[in-house]
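# what follows is a predicted protein model with its sequence.
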Amino acid sequence: MKKYTHAWLSFMAIKRLEQSYISQSNQKYSSSLIEWFKNHNDDVIQGAWYPDAIIKDMSTSHIYKFTPSNIGNNYYGCLPTSYNIYREGKNSALYNTYFKLDSGNLPYRCEAIAHSIIDNLKMKESEDKGSPICPTNNHIANLFFMLSHYIADAHVPFHCDSRKFSSGVDIHAKVEGIWEDYVKDHYLIDQNNKDRFEYDGIYPKFDSSQQISYNNTILPWIDLEIQNRNFYITWGSGNDNVLEFMQDICHYSYLCSHLFIPTHYDHLSVTNANWDQLQNNISFDDLSKYILIDAIDSIARVWLRVWRKYQQWL
């Protein structure tokens, strides 16, 4: 995904927590996380883009790529039942068939950053004010926003499919460019500081002059899902941590890639003329809806569980 899409997803994850029903036992954690976020929303764009702009570990930590195989692993695991990629992935002809991991460590990167956030929060709580080893709130916020980047990347089918869709006509970039235009065309970016949105409260401000255009995109559907979709804090049956949850996200992202672009196509046979006409079971608009809302849910879920783990330590 591209710069403003990553940032927008982070904002929408907090909006998801604010507008969803959260169980009473988790409400205090959700409320305190939202309140904490309000003091750091100016850092979202820069922090969420840091993995691409500064760290540049795209060839390893932004991917977890699979290839269909005759032997190996055929366990896909479970996600929360509300997840669209979970439902759609099970419609793929490759579901329950063997696959092999070709490259990448994305789920491990997510697990590592999640632990780092908790460690830094504990250090901040434990160290005396002014201690030279005490992390700052801005540093910790940047870790949250970096984590959201890697979580979002796991939902992009091409990050989990070993076919080379960044080559040829670069369908990977084309798809992510369409999502980026959704955000840039319909939300106001501060013209004096391109690393921040204009705000409606704490969220990106909608450009009311683009209402007609907005109505013709997938964004209204996503807005409704943010408000109305049930929010489950579970990782999904059988998953106990960020690592296992993100591995299963990648498994179903791989299945959705093959659902959208059938297995017998590759970067040489997918063209500008046919890229959105190949699917048998899912349209590009539906795939985009499912990817973006599930990514919002995953960021919200991981952030909340990381924050809860720290709060329960206090």
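Everything's here; your move. Bear in mind the structure is a predicted one, so any value in this text is a computation, not a measurement. Numbers count the residues shown, from 1 in each chain.
# what is the burial count for residue 192?
Residues lying near residue 192 (other C-beta atoms under 10 Å) number 6. (Glycine included, C-beta is placed from N, CA and C.)
# what helices and strands are in contact with the longest strand seen in the chain?
Criterion DSSP state E: the longest strand present in the chain is strand 65-73. For strand 65-73, the packing partners by 3 or more C-beta pairs under 8 Å, 6 or more residues apart in numbering; DSSP states H and E come out as strand 99-103, helix 242-260.
# out of the ones you listed, which is closest to residue 42?
helix 242-260 (26.3 Å; C-beta to C-beta).
# one step back: pull the distance from the longest strand of the chain to the chain's centre.
Counting by C-alpha atoms, centre = their mean, to the nearest Å, strand 65-73 is centred 24 Å from the centre of its parent chain.
# C-terminal to that strand, what's the next element?
Toward the C-terminus, strand 65-73 is succeeded by helix 84-89 as the next helix or strand (DSSP states H and E).
# list the buried ones in that following helix?
84, 85, 86, 88, 89 (16 or more other C-beta atoms under 10 Å).
# listing request: residues of the protein with sub-threshold pLDDT.
For the chain, the stretches with pLDDT under 70 are 279-280, 314.
# now do the helices in it.
3-19, 24-38, 44-50, 84-89, 106-126, 137-154, 171-186, 211-215, 219-228, 242-260, 284-313 (DSSP state H).
# hmm, back to that, list just the nearest of the buried residues of helix 84-89 to residue 43.
Among the buried residues of helix 84-89, and counting by C-beta to C-beta, the member closest to residue 43 is residue 85, at 28.7 Å.
# the closest one contacts residue 250, correct?
No. Between residue 85 and residue 250 there is no contact under C-beta atoms under 8 Å: 10.2 Å.
# between the buried residues of helix 84-89, which sits nearest residue 138?
Of the buried residues of helix 84-89, the one sitting nearest to residue 138 (C-beta to C-beta) turns out to be residue 85, at 33.0 Å.
# excluding its backbone neighbours, what's nearest the closest one?
Using C-beta to C-beta, 6 or more residues apart in numbering and skipping residues adjacent in sequence, the residue nearest residue 85 is residue 252, 4.5 Å away.
# just residue 305 next, same as before
For residue 305, the spatially nearest residue (C-beta to C-beta, 6+ apart) is residue 233, at 6.7 Å.
# what's the burial count for the one you found?
16.
# report the contact partners of it.
Residues near residue 233 by C-beta atoms under 8 Å, 6 or more residues apart in numbering: 22, 23, 26, 301, 304, 305.
# separate out the buried members of those residues.
Applying 16+ other C-beta under 10 Å to those flags 22, 26, 301, 304, 305 as buried.
# quick one, what contacts the second one?
Applying C-beta under 8 Å, 6+ apart, one finds that residue 26 lies in contact with 233, 304, 308.
# quick one: these as a markdown table, columns for distance to residue 206 too.
Formatted as a markdown table, the contacts of residue 26 follow (distance: C-beta to C-beta, whole Å):
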| residue | distance to residue 206 |
| --- | --- |
| 233 | 28 |
| 304 | 25 |
| 308 | 31 |
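# okay, now residue 289: neighbour count?
Considering only other C-beta under 10 Å, residue 289 is surrounded by 18 other residues.
# burial count for the closest residue to it other than its chain neighbours?
Closest residue in space to residue 289, ignoring its immediate chain neighbours: residue 218 at 4.8 Å, by C-beta to C-beta, 6+ apart. Around residue 218 there are 19 other residues, counting by other C-beta under 10 Å.
# OK, contacts around residue 218?
Applying C-beta under 8 Å, 6+ apart, the residues contacting residue 218 are 182, 285, 288, 289, 292.
# just the buried residues of those residues.
Buried among those by 16+ other C-beta under 10 Å: 182, 288, 289, 292.
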